[in-house]
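Chemist: Got a sequence here, can you build the structure:
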Amino acid sequence: MSLVSAILESLEKMVDENGWSSVKSVTLRVGAMRQVIPDVMKFAFEVSVKGTPMEGAELAIISVPIKFSCRGCGAHWGEEELGYLCPSCGGMEVDMEQGMELELESLEVQER
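Modeler: The predicted structure is shown next:
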């Protein structure tokens, strides 16, 4: 619910700043590490937008898988080899390249 609240806060600000009459659809990119259950997020969104310019908007969620890279050998891997050690060299200098996203991908709006 806190993620939905943060999203709605941003959307309300955008609606006010741009003078849109309503938001028709919202597409989000959500990383796997956010542990979002799409159906639960959609339900929370639907309940939270009642009485706002987002009421009736369709929420689409694009799931972004986890991906890592090794600073030592340059290897890349994903969820299938989930771990914080490089599967190629065993190195511990690992970066998460993706998986924590919570990004607005696109909006469809109705202008005034």
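
Chemist: which residues are contacting stretch 48-64?
Modeler: 1, 4-5, 8, 11-12, 15, 20-32, 36, 38, 41-42, 45-46, 98-99, 101, 105 (CB atoms under 8 Å, 6 or more residues apart in numbering). Heads up, the C-betas are built off the backbone N, CA and C, glycines and all.

Chemist: among those, which ones are buried?
Modeler: Burial by neighbour count, 16 or more other CB atoms under 10 Å: within the contacts of stretch 48-64 this picks out 4, 8, 11, 15, 20, 22-23, 26, 28, 30-32, 36, 41-42, 45-46, 98-99, 101.

Chemist: Pull the distance from the one helix or strand residue 68 maps to to the chain's centre.
Modeler: Following DSSP states H and E, one finds residue 68 within strand 67-70. Strand 67-70 has its C-alpha centroid displaced from the chain centroid by 19 Å (CA atoms, centre = their mean, to the nearest Å).

Chemist: which one in the protein is furthest away from the centre?
Modeler: Taking CA atoms, centre = their mean, the residue of the chain most remote from its mean C-alpha position is residue 89, at 31.2 Å.

Chemist: Identify the residue spatially nearest to that one, adjacent ones excluded.
Modeler: Nearest non-adjacent residue to residue 89, counting by CB to CB, 6 or more residues apart in numbering: residue 73, 4.3 Å away.

Chemist: ok so, going back, toward the C-terminus, what is the element adjacent to the strand holding residue 68?
Modeler: Next along the chain after strand 67-70, with elements defined by DSSP H and E, is strand 76-78.
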